[in-house]
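Enquirer: requesting a structural model of the entry that follows:
(chains A and B)
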Amino acid sequence: MQKAKTLIWVVVLMFCVSLASCTQGAEVPATEEPAAEEASGEPVTIEWWHISTAEDHKALWQEMADEFMADNPNVTINITVLENEAFKTKLTTVMQSGEPPDIFQSWGGGVMNEYAEAGLLQDITPALDADGGAWRETFSPGPLSVYAYQGKNYGVPWDMGMVGFWYNKQLFADAGIDAPPQTWAELLEDVQALKDSGVIPIALGEGDKWPGHYYWTYLATRIGGQDAFNAASSCSGSFTDEPFVEAGVKLQELIDLEPFQDGYLGATYGDEATLVGDGKAAMELMGQWAPAVEKDNSASGEGLGDNLGFFLFPAVEGGSGELTDAMGGGNGFGIGRDAPPEAIEFVKFLTSKENQIALAEINVGLPVVKGSEEGVSDPNLLMVQEARDKAVYFQLYYDQYLAPATGEVIKDAVQGLFASTLTPEDVAQQLQDSHVAESCQ
Amino acid sequence: MSAISGHEDTVGLQRKRGLSRRNQDRLTIVLFLLPAFIFIFTFQIYPMIRSVYYSLYEWSGFGPLTDYVGLANFERLFTGREFWDAVWHTALIMIWSLALQLPLALLLALLVERDLPGRGFFRSIFFMPYVLSEVIIGQVWIKMFKPDPQFGFINAVLEWFGNLPVIPQIETQAWLADPKQALACAFVALTWQFFGLHMLLYIAGLQNVPRELEEAARIDGANELQTIWNITLPLLGNAIRTSVYLSLLGSVQVFGVIWVMARGGPIGATETMSTYMYRSAFLKFSLGYGSAVAVVILVISLILSTVYQRVVGQHDYIGGI
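Expert: This is a model prediction of the structure:
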């Protein structure tokens, strides 16, 4: 009996310990610079959440924050660095409790619109238009508009690029491929050739779902072009129209070749970047951040270096989309409802020409402020930048552009296509059903 | 406290406020219960009531509640396939827990209760996973199940054995990445997490089994298995009923480990009721619908709990520990 009691106490004690370990360390701000003695204004604290986990990038953001704090002794900037998926979860939670961070990572589009509609974001249009639009003038108008909803800006971009294939030149050459594919049919041939040469043709982290939905979205863009998407998204057409079914059919042709690594359905984007960065997989379909993440995830810490190449998503035979049409997006700063004026000053500072050039120089993004193009030196990123600027029809990622629920549905449905549990018709139908329910009233 | 003060005081108080002794006792009880009640009401009852309220609205979770839809969320839930898939996966976890996890825990409890060398060591080791946080458990098992043999321990072992000529080969598997295997993989992690707790319950129960009875059985010529089957197990009834109860309710609520390991995927293969609730409320921004799922989970838990208590008798499960 006595022994049993002791055991119960042990259980209770252990339970308390585990509880304590859960509550501690939940939120440790990255910086806590003490405000200087000779503070000029009222002490202000700015909460900044970003997802730039790559070492160089994280350090650069920190440097910029330190510099701003040194110049403005009354300002304290608390940086919270979160991994992409964890960030999305955590941001939703604080948004629902009505306490957004002052500055946070944003991709614009449907998710941002939802926050804006609920009054959780700050309209920074006045700041952009102050002094005759001095701040607004510094941005390229396209990227800036991604962070606008009903004519008001709730954030600003710091990076804008596009999705394309990042490939290993050496592995392509070893497989006897002398030039990157121009058409979907050529891509399928090259995949087969790579497979025969014994490497993984394509790395894919489909456990995260968003990497796979790039394939479907890009195929739809190439096949249907701007007209098909505009019709479907404005509810005058439908996502069950032929181009969107055809996108699934074409993707299935690729899936049938089994070009991905073993277990790709459960893999994360991190796994995907590691495979390419370590030279085990020949290519991945990814945005402008791919080289930085590959480098960071590779065993050597160097990535592929000069061996890494970039080519545009191939044209689809008979498709009405142009090869210059681009699908992609970028990163920006969303501004929380209660952000102090200093936070906007800080964002201005972060998006200054000098800081945009500094960002471009470490190859972690493509700057959006006019005149900062000179910071881009990497030949691949230059290619991305050129293609981005040439695009007449620029399609933001579907999962960000469409309503959040629809964004989840398209990602889930495409995963079903990869797992062969859904047909191309099913995918199109599920997307349409959700789109009608969410956005066509 | 006035209850501690002398008899005369109490009488005085009684006259002054017209409280009978019984009422005063009641007041004392209420006062003692109040802190716990406030805590439970604020963090459990109140949120439950709010969930019921939210479940009647179409609401993204941001801004004011305006879109009253009545029972439409429940209708969507019961007519859609996704929720029933989640219920099925939860039921599978429940069945596997009762059929595999508890017998394993019982077996280990019987073993570490014997006078075997190192039993104290194993008792602690077996209980350790239960103390770890769910995120750590999920992360550990992700690493065990990685499909690439270079990173995944289990596949590395399979590959190593595959290179030996004698042993029949088992091919490396995709594990969590294979929709057919993912739920079973998650269950392995759940078993690892919880068997220690159940083992502990059984050990506590075993200490209440009088040694004399087992010895008497042995003297009468019963072998080890017969002793366990006819003496030990029946006397362990209370502990077994408790652990079945905890296991049933735990299965309904299982979330953390599965979410960390597979986030309900691939293609919904590990979607349980709780992950489905979370996905609806927080990823699809439909807090109203998610609340409807939460209400259904609550009702299922209540039914399970009441029926179980009625069937096995309330005194049994309380006396179990």
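Enquirer: state the distance from the closest residue to A:Ala391 other than its chain neighbours to chain B.
Expert: Nearest residue to A:Ala391, sequence neighbours excluded (CB to CB, 6 or more residues apart in numbering or on different chains): A:Ala326, at 3.7 Å. For every residue, glycine as well, the C-beta is placed using N, CA and C. Distance of A:Ala326 to chain B, computed by CB to the nearest CB, to the nearest Å: 27 Å.
Enquirer: how about A:Pro101?
Expert: 15 Å.
Enquirer: residues contacting that residue?
Expert: A:Pro101 makes contact with A:47-49, A:80, A:91, A:94, A:336, according to CB atoms under 8 Å, 6 or more residues apart in numbering or on different chains.
Enquirer: does it count as helix, strand or coil?
Expert: Classification of A:Pro101 using DSSP: H, G, I helix; E, B strand; the rest coil returns coil.
Enquirer: read off the pLDDT value for it.
Expert: Note on A:Pro101: pLDDT of 96.
Enquirer: and what of A:Val28?
Expert: pLDDT, A:Val28: 38.
Enquirer: repeat that for A:Glu114.
Expert: The predicted local confidence for A:Glu114 is 88.
Enquirer: over to the one 5 residues further on?
Expert: If you check A:Gly119, the pLDDT there is 91.
Enquirer: how many neighbours does the residue of the stretch 1-150 of chain B found nearest chain A have?
Expert: In the stretch 1-150 of chain B, the residue found nearest to chain A is B:Pro147; the distance is 2.7 Å by CB to the nearest CB. Neighbours of B:Pro147 under the rule other CB atoms under 10 Å in any protein chain shown: 23.
Enquirer: wait, a helix at it?
Expert: No - B:Pro147 is assigned coil when assessed by three-state DSSP, not a helix.
Enquirer: how about it: what's its closest non-neighbour residue?
Expert: Distances taken as CB to CB, 6+ apart place A:Gly263 nearest to B:Pro147, at 2.7 Å, with adjacent residues excluded.
Enquirer: where's the residue most central in space within chain B relative to chain A, distance?
Expert: Per CA atoms, centre = their mean, the C-alpha nearest to the average position across chain B is that of B:Gly250, at 2.0 Å. In this view, B:Gly250 and chain A are 14 Å apart by CB to the nearest CB.
Enquirer: tell me the SS of that residue?
Expert: At B:Gly250, secondary structure determined by three-state DSSP is helix.
Enquirer: look up the closest residue to it, ignoring the ones flanking it.
Expert: Spatial nearest neighbour of B:Gly250, excluding adjacent residues (CB to CB, 6+ apart): B:Phe194 at 6.9 Å.
Enquirer: so what's the closest residue to A:Phe87 other than its chain neighbours up against?
Expert: What sits nearest to A:Phe87 in space, not counting adjacent residues and going by CB to CB, 6+ apart, is A:Ile51, at 4.8 Å. A:Ile51 is in contact with A:81-84, A:87, A:105, counting by CB under 8 Å, 6+ apart.
Enquirer: any idea how far A:Val156 is from A:Ile51?
Expert: As judged by CB to CB, to the nearest Å, A:Ile51 and A:Val156 stand 17 Å apart.
Enquirer: thinking again about what came up before, of all the contacts of A:Pro101, which comes closest to A:Gln192?
Expert: For these, the closest approach to A:Gln192 (CB to CB) belongs to A:Leu91, at 42.0 Å.
Enquirer: in contact with the closest one, which residues?
Expert: Taking CB under 8 Å, 6+ apart as the test, what A:Leu91 contacts is A:49, A:100-101, A:104-105.
Enquirer: just among these, which is most surrounded?
Expert: Using other CB under 10 Å as the neighbour criterion, A:Phe104 leads the contacts of A:Leu91 with 27 neighbours.
Enquirer: these two touch, right, that one and A:Asn331?
Expert: No - using CB atoms under 8 Å, A:Phe104 is not in contact with A:Asn331; the gap is 10.9 Å.
Enquirer: where does the nearest residue to B:Phe153 once chain neighbours are set aside sit, in terms of helix or strand?
Expert: The shortest distance from B:Phe153 to any non-neighbouring residue, by CB to CB, 6+ apart, is to B:Met144 (4.9 Å). Assigned by DSSP states H and E, B:Met144 belongs to helix B:134-145.
Enquirer: what's that helix packed up against?
Expert: Applying 3 or more CB pairs under 8 Å, 6 or more residues apart in numbering or on different chains; DSSP states H and E, we find helix B:134-145 packed against helix B:153-162, helix B:182-206, helix B:256-262.
Enquirer: what separates that helix from the chain centre, distance-wise?
Expert: 18 Å (CA atoms, centre = their mean, to the nearest Å).
Enquirer: pull that helix out as CSV, backbone CA atoms only.
Expert: C-alpha atoms of helix B:134-145 as CSV (Å, rounded to 0.1, in the frame of the first residue of the first chain):
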residue,chain,number,x,y,z
GLU,B,134,4.9,15.0,-27.3
VAL,B,135,6.9,17.1,-29.8
ILE,B,136,10.1,15.3,-28.7
ILE,B,137,8.4,11.9,-29.1
GLY,B,138,7.1,12.9,-32.6
GLN,B,139,10.5,14.1,-33.7
VAL,B,140,12.3,11.0,-32.5
TRP,B,141,9.9,8.8,-34.4
ILE,B,142,10.1,10.9,-37.5
LYS,B,143,13.8,10.2,-37.5
MET,B,144,13.2,6.5,-36.8
PHE,B,145,10.8,6.2,-39.8
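Enquirer: that helix vs helix B:153-162, what angle?
Expert: Angle of helix B:134-145 versus helix B:153-162, following axes from the mean of the first three to the mean of the last three CA atoms, to 10 degrees, is 20 degrees.
Enquirer: need the contact partners of helix B:134-145.
Expert: B:129, B:151-154, B:175-176, B:185-186, B:188-189, B:192-193, B:256-261.
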